[in-house]
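[1] I need the structure of the sequence given here:
(2 chains)
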2 protein chains.
Amino acid sequence: MSGCIMPDTMANPLVCDRNIDFLLYEVLDAPSLCTLPTFAEHGRETFDLVLQNSRRFAREVLFPTYKPMDAEPPQLENGRIVLHPAWRKIYPQLCSLDLIAASRPFAVGGQQLPLLLTTLASAYLMAGNLNVAGILGLTAGAAHLIEAFGSDELRQEFMTRMYRGEWTGTMALTEPHAGSSLADVKTRATPTADGHYLIQGAKIFISGGDHDLTDNIVHMTLARIDGAPAGLKGISLFAVPRRRRHGDGWVDNDVAVTGMIHKIGWRGAPSLALQFGEQGDCNGWLCGEPGRGLSCMFQMMNEARLMVGTNGVATASVAYHQAVQYARERPQGRPLSSKADASRPQVPIVEHADVRRMLLRQKAIVEGGLALLATAAKQADLFGHAGTAAERHRAGLLLDLLTPIAKSFPAEYGFESNALALQVHGGYGYSSEFLPEAWLRDQKLNSLHEGTTGIHGIDLLGRKVVAEGGAALVILQEEILATVARAQRAAIFPTLCERLAETMASVLPLTMQLASKGLQGDVEGMLLHSADYLQLLSIVVVSWQWLLQAAVAAEKLAAGTLTTDMQTTERDFYEGKLCAAQYWLATELPRVPQLLALCQQGEDSYARMKPEWF
Amino acid sequence: MSGCIMPDTMANPLVCDRNIDFLLYEVLDAPSLCTLPTFAEHGRETFDLVLQNSRRFAREVLFPTYKPMDAEPPQLENGRIVLHPAWRKIYPQLCSLDLIAASRPFAVGGQQLPLLLTTLASAYLMAGNLNVAGILGLTAGAAHLIEAFGSDELRQEFMTRMYRGEWTGTMALTEPHAGSSLADVKTRATPTADGHYLIQGAKIFISGGDHDLTDNIVHMTLARIDGAPAGLKGISLFAVPRRRRHGDGWVDNDVAVTGMIHKIGWRGAPSLALQFGEQGDCNGWLCGEPGRGLSCMFQMMNEARLMVGTNGVATASVAYHQAVQYARERPQGRPLSSKADASRPQVPIVEHADVRRMLLRQKAIVEGGLALLATAAKQADLFGHAGTAAERHRAGLLLDLLTPIAKSFPAEYGFESNALALQVHGGYGYSSEFLPEAWLRDQKLNSLHEGTTGIHGIDLLGRKVVAEGGAALVILQEEILATVARAQRAAIFPTLCERLAETMASVLPLTMQLASKGLQGDVEGMLLHSADYLQLLSIVVVSWQWLLQAAVAAEKLAAGTLTTDMQTTERDFYEGKLCAAQYWLATELPRVPQLLALCQQGEDSYARMKPEWF
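    This next block holds a predicted model:
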């Protein structure tokens, strides 16, 4: 259109490279993982190579396809899904990056890379085009289930092809009447004499449930074996391919696409209603023991949830970078002190304090969230591969605690961040000629899938913080106090340091108080403020992440080696870290006592509220 | 699509009738306005008739057109805008409701109704289909400008037709490089010997800037008369019709549509880029004095801003009602205490405390916002028509204070409310088969148009609260203390009553502290936390509105007349009010001290943040 400034066509970095290096090499000491036998063949060189490939692919190949895919969603034609044509072009390149199995063992065709690294590498892909990254993640997760629970035949037949990207995978859990409540899954599995099962049932919201990319798709499906008990204990896991072997060839496996969801975001990838066994001819193969389907799924859940969290951060990140660029370039208004003196030129809007507030809040959310995800991923690496059982146990507890936060913080605060990126664009942000509105739509899914935010609040308070007598919170406190001590040595934010330590300390008695309610049988009372509890612990955890980053930045600045001109950008980077940390700690930490009081007092308005009172 | 539950087709009330009656007749004593000469011809009968017509039209005619209009936006064909066909059917009915000039004097063809009433009546229209209500509001505002500042000829020629809906009107302020910064408007107006001006320039984001509904459209246009000074003082207001008289007929007035914005919401109405005077033949007529264009606009601003606020509430309201219905009907999961015992049936999700939290928060935002809008509208009525100059002055001060809050609170908290309505719908909420996502998109505009939220923060702190030595805040405090006393007599929420009084008291010294910064020349410092100040005063004001509603509800319940079965719904209504008030006061009021501390301490993270540090 004419008559308005054009959408920004400048390169968007998607994710800040300098920040990735900072997290890997200055904050989290990623190379130290290579002292563990599992990662012994790697070092900074391989890490950097993986990152370099991912970011180049994300920027040069994926990102240019994002807007076209959003504008032209998949079509359902004659019962099959036809993707945007760009998919066919980029998919082979995606597979050649070997990222699907990047964190899996050499033995199954993987690269045995730390999750810390693959998580950050995948952030680029998600920020570039989350539709494509999503299919990759689903395939990795589905193959991982087969790797962990499938028979040798399944691993040979399905897993290897999936890890190579020759086939893709899905998670087929949800049914029209059973989303959050998986206990109500109805899909049936009838044993046959040949060892496989006949699957019959309806699934919905199946991302990547059909497409025209690969010859086959494997649906990891929850179903109930005939005669299984009601509820969660009657659910088993099956691998259900779209096509199955028949003699020397392949035939359709009676998996029908019965509808396409018109999603408001993630519009480049299909989300479908599927019917298994309409003709009574859908074969599925059991993975893991009968009745252990949900338990199998849960073993993969942490990874999937960290993936959703990473997506939330990536979606906020790409919009944040777009907003920063726009704010630096868009002239509008003048300093407040100039009293709108129109004889002076307009200034770029980044000069306005309130615009900087919106940008700094985005930075705090994006980089705080990314640090959290990286930390959780490193704990996952230690949980899986640390040298001693005690280290693995400790890492597992901390990972369990961090996971619901790492999943939901980027979804909730990230949505706010994406809304701010749109707001920075003013009226232009409200048009689909500009990208921020698309990312805002994308982000909204993250509070819904892989467990709603409400579910994660209940998971955190009802399970994670009370496991093993609150051991995870004690570990979190140790970590936070160590960080506070480090920040104090670096002489930054003395008041805020103390406040973080006090705030963390106050979470422990609150948790005990709530847990004792639960022990006395008042589960509803215990969990009444789980949303507030989730938010307050999220603020504490992200504050920890920011204080740690600030401490490292302060140490670097104090080291005084940043003296030449070339190092001005280094200084800028560290100063930005200190500013964002200050913003977060000063603005968000004071919210905790208020949320804590609501939990503590058991504020009972919505407990009392009756359905007919609305 | 098959395979999933169908979108809810139940009737949505849009706005709760009982709540409207509560506000008009129990809280704000609307009939008392009829003791003023201006409104003497009205009474509860006329009020109820207007409301009844509006709500019936909104539910039966407007609402069914909302989704089709959202799905099929206007098209630009051969330089003209073609609206969705439903428009032509409903527009004549809309005009026959006589709502455009409802609050204008009998003398100009209006109904001389209080704004309190027309604001609430318009909430139904906005909730039913904001696209249609938007055009009506714009036409009313444009005609009102001509009424106030136009010559007799313009009033006769343009205004009367616009008030009857024969022509529509627009506000043509924004230019591609001049949105928030109107000082930079460039459109030129060259005087002619015939009394009119030749207009030349580009405008953008002109809502309703073209359509195929009426013969003519009048653009109220800001432009700069040749030789006028730079900046705000050089701007004048013109009426620029799309077609103009020529002899006995009409000719095009050289207003060209140069582009259509692809908006993400309000998709039923066009937002356009217009070019005036491409052929050098665009005539405009001056309204008001030269150089007073912005000042003319500002006289209408309060009304326009209350309209945006009402829209924000209405958009949150319709989604809230949809979410309540969905939550009452959608079975999913079981009580937490049942440990997912699948032998028991699933319960409607309204039974889950966290879902009730999400619904109660929406109720608090929607009904708190509506009470605020109604209060502001009543103050506008008193400002215009109260018996004494002192009453009018007092009402004007309070109205000025409330306006930036009434505009931005529904936009910001309403957006959160709309997101919660979507969240309550779970995965289904993420699909465009369900309506909540559309309202979420609609809502986002309200933080952008008619002054961004950032601008309103600066307006509130930089102008409204410091005017006349802080007189408006003193009035607000009087009102709040009177409400606190009333609530204390009703014996509700003793602790929260005290807290509201204390919180309000703490705003005064903070404001003086900030104002004195400004007086010392540190305008940037004074306004650094205007966003926080806007939020904290919004919370205080909405807390006042909730305490007032709670006090009235408690009085009614205590009166003990609600004894028969028929009155159970009455009791439910009042109990709901008390619950929502408790929720709001307990949850939001404690945020104020924290926001206040940020303002007071001048937390300086984003003040220090340099553009190159992002």
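[2] contacts only, for A:Arg344.
    Contact analysis of A:Arg344 by CB atoms under 8 Å, 6 or more residues apart in numbering or on different chains lists A:334, A:338. Where C-beta positions appear, they are placed from N, C-alpha and C, glycine not excepted.
[3] does chain B sit close to the host helix or strand of A:Gln443?
    Here A:Gln443 sits within helix A:436-444, counting by DSSP states H and E. Yes - contact of helix A:436-444 with chain B (CB under 8 Å from any CB of the partner chain) involves A:437, A:440, A:444.
[4] quick one, phi psi at A:Leu473?
    Dihedral pair for A:Leu473: phi -70, psi -40, per degrees, to the nearest 10.
[5] need the nearest residue in space to it, chain neighbours excluded.
    Of all residues not flanking A:Leu473 in the chain, A:Val465 sits nearest, at 5.4 Å (CB to CB, 6 or more residues apart in numbering or on different chains).
[6] picking up where we left off before, contacts for the helix holding A:Gln443 next, please.
    A:66-67, A:70, A:130, A:264-267, A:312, A:315-316, A:318-319, A:322-323, A:411, A:414-415, A:418-419, A:421-422, A:424-425, A:429-432, B:264, B:419, B:422, B:430, B:437, B:440, B:444.
[7] a strand runs through A:Ile81, doesn't it?
    Yes - judged by DSSP: H, G, I helix; E, B strand; the rest coil, A:Ile81 forms part of a strand.
[8] for the spatially closest residue to it that is not a sequence neighbour, helix, strand, or coil?
    Sequence neighbours aside, A:Asp210 is the residue nearest to A:Ile81 in space, at 4.2 Å (criterion: CB to CB, 6+ apart). Recorded secondary structure, A:Asp210: coil (three-state DSSP).
[9] read off the pLDDT value for A:Asp210.
    Looking at A:Asp210, its pLDDT is 98.
[10] A:His42: neighbouring residues, count only.
    21 (other CB atoms under 10 Å in any protein chain shown).
[11] now do the end-to-end distance for stretch A:482-496.
    Stretch A:482-496 has its terminal residues 15 Å apart, counting by CA to CA, to the nearest Å.
[12] local confidence estimate at A:Ser447?
    Listed pLDDT for A:Ser447 reads 98.
[13] hmm, it is touching A:Ser408, no?
    Yes - A:Ser447 is within contact range of A:Ser408, at 7.0 Å (criterion: CB atoms under 8 Å).
[14] got the contact list for the closest residue to chain B within the stretch 301-450 of chain A?
    Nearest residue of the stretch 301-450 of chain A to chain B: A:Ala342, at 3.4 Å (CB to the nearest CB). Residues near A:Ala342 by CB under 8 Å, 6+ apart: A:334, B:183-184, B:230-232, B:234.
[15] so which of those residues comes closest to A:Leu28?
    Nearest to A:Leu28, judged by CB to CB, of the contacts of A:Ala342 is A:Arg334 at 43.1 Å.
[16] what stretches of chain A score poorly on pLDDT?
    A:1-10, A:562-566 (pLDDT under 70).
[17] do that again at 80, thanks
    A:1-10, A:299-300, A:339-340, A:560-566 (pLDDT under 80).
[18] tell me where it has strands.
    For chain A, the strands defined by DSSP state E cover A:75-77, A:80-82, A:168-172, A:188-191, A:197-207, A:217-225, A:235-241, A:243-246, A:249-252, A:255-260, A:271-276, A:283-287.
[19] and the longest one, what does it pack against?
    Yep, that's strand A:197-207 we're talking about. helix A:130-149, strand A:168-172, strand A:188-191, strand A:217-225, strand A:235-241, strand A:271-276, strand A:283-287 (3 or more CB pairs under 8 Å, 6 or more residues apart in numbering or on different chains; DSSP states H and E).
[20] residues near the residue nearest to A:Ile81, how many?
    25.
[21] list the contacts for it?
    A:80-81, A:217, A:242, A:257, A:270, A:272, A:274.
[22] of those, which is the nearest to A:Pro37?
    A:Ile217 (35.5 Å).
[23] can you tell me how far the residue nearest to the closest one when sequence neighbours are not counted is from A:Trp250?
    What sits nearest to A:Ile217 in space, not counting adjacent residues and going by CB to CB, 6+ apart, is A:Arg242, at 4.4 Å. Distance, A:Arg242 to A:Trp250, by CB to CB, to the nearest Å: 10 Å.
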